[in-house]
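Engineer: Kindly return the folded structure for what I paste below:
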Amino acid sequence: MRHLTWASGAIALAFATTVSGQGRWQPGIEFGTTGESGRLVRLTLSAPQREAFARTGAWSWRLTPEVTLGRWLDGERNDALWEVGATPVLAAHRELRSGRVAVDLGVGIHLLSAVRFEDSTLASAFQFGDHVGIEWRPASGRWGIGYRFQHLSNASIAPPNDGVEFHLLRLGWRF
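Structural biologist: From the prediction side, this is the model:
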């Protein structure tokens with residue numbers, strides 16, 4: 001629990017430091033489910049999007065840091081746990097007449113308040129999370145909707161390494 005408190009403080013400091021800077025931050029919310037009875041609600045904050053670092057045809061590539069705070073709920077056992085995370089997200093964007101589509105992937109770190117979820121033993125509070133997703137943003141650019149598939153596990157740091165997978169619906173907006 002001490003690690004979770006420390007990580008929460010570090011993320012809060014990162015929020016405060018970077019939100020005060022320039023750019024349009026993208027707060028968001030994710031709703032997720034597992035293949036069983038698990039649910040997830042997660043708040044996200046993505047850094048302002050910088051200029052593309054590469055272009056391939058109609059696609060532009062960006063790397064954006066993202067921090068998260070989530071609550072996992074296990075409906076069968078009435079168990080719950082907290083999660084904080086940080087993930088660099090690589091996204092390919094393509095402008096369309098109706099808006100913009102983005103395909104993204106990321107690999108980050110997550111700290112959990114417990115190591116049991118559903119029928120899985122995650123063995124360590126430290127987890128790696130990788131995801132692949134797609135997002136659509138209308139021409140106004142103020143909000144976006146997307147889907148992500150995410151796998152979290154400890155990468156065999158400690159046995160067992162059961163892992164958890166979520167299907168996530170993302171809603172985000174820009175200021």
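
Engineer: which residue sits closest to the residue nearest the centre of the chain, ignoring its sequence neighbours?
Structural biologist: For the chain, the residue nearest the mean C-alpha position is Thr68 (5.9 Å; C-alpha atoms, centre = their mean). Leaving aside its sequence neighbours, Thr68 sits nearest to Gly85 (C-beta to C-beta, 6 or more residues apart in numbering; 4.4 Å). Every C-beta, even on glycine, is put in place using the N, C-alpha and C of the backbone.

Engineer: quick one: the helices in this protein?
Structural biologist: 2-19 (DSSP state H).

Engineer: for the protein, what are the low-confidence residue spans?
Structural biologist: 1-23, 175 (pLDDT under 70).

Engineer: switch to 90 and redo it
Structural biologist: Residues of the chain meeting the criterion pLDDT under 90: 1-26, 35-37, 48-53, 74-79, 115-123, 139-142, 155-163, 173-175.

Engineer: buried ones in stretch 118-133?
Structural biologist: 118, 120, 122-129, 131, 133 (16 or more other C-beta atoms under 10 Å).

Engineer: same thing with stretch 37-49?
Structural biologist: Buried-residue list, stretch 37-49, by 16+ other C-beta under 10 Å: 38, 40, 42, 44-49.

Engineer: Now the two most distant members of those residues.
Structural biologist: Gly38 and Pro48 (32.2 Å; C-beta to C-beta).

Engineer: Can you tell me which of the buried residues of stretch 37-49 is nearest Asp162?
Structural biologist: For the buried residues of stretch 37-49, the nearest to Asp162 is Gly38 (12.4 Å; C-beta to C-beta).

Engineer: now for the longest strand belonging to the chain, which elements pack on it?
Structural biologist: Taking DSSP state E as the criterion, the chain has its longest strand at strand 79-96. Secondary-structure packing of strand 79-96 (3 or more C-beta pairs under 8 Å, 6 or more residues apart in numbering; DSSP states H and E): helix 2-19, strand 59-74, strand 99-112, strand 116-117, strand 126-138.
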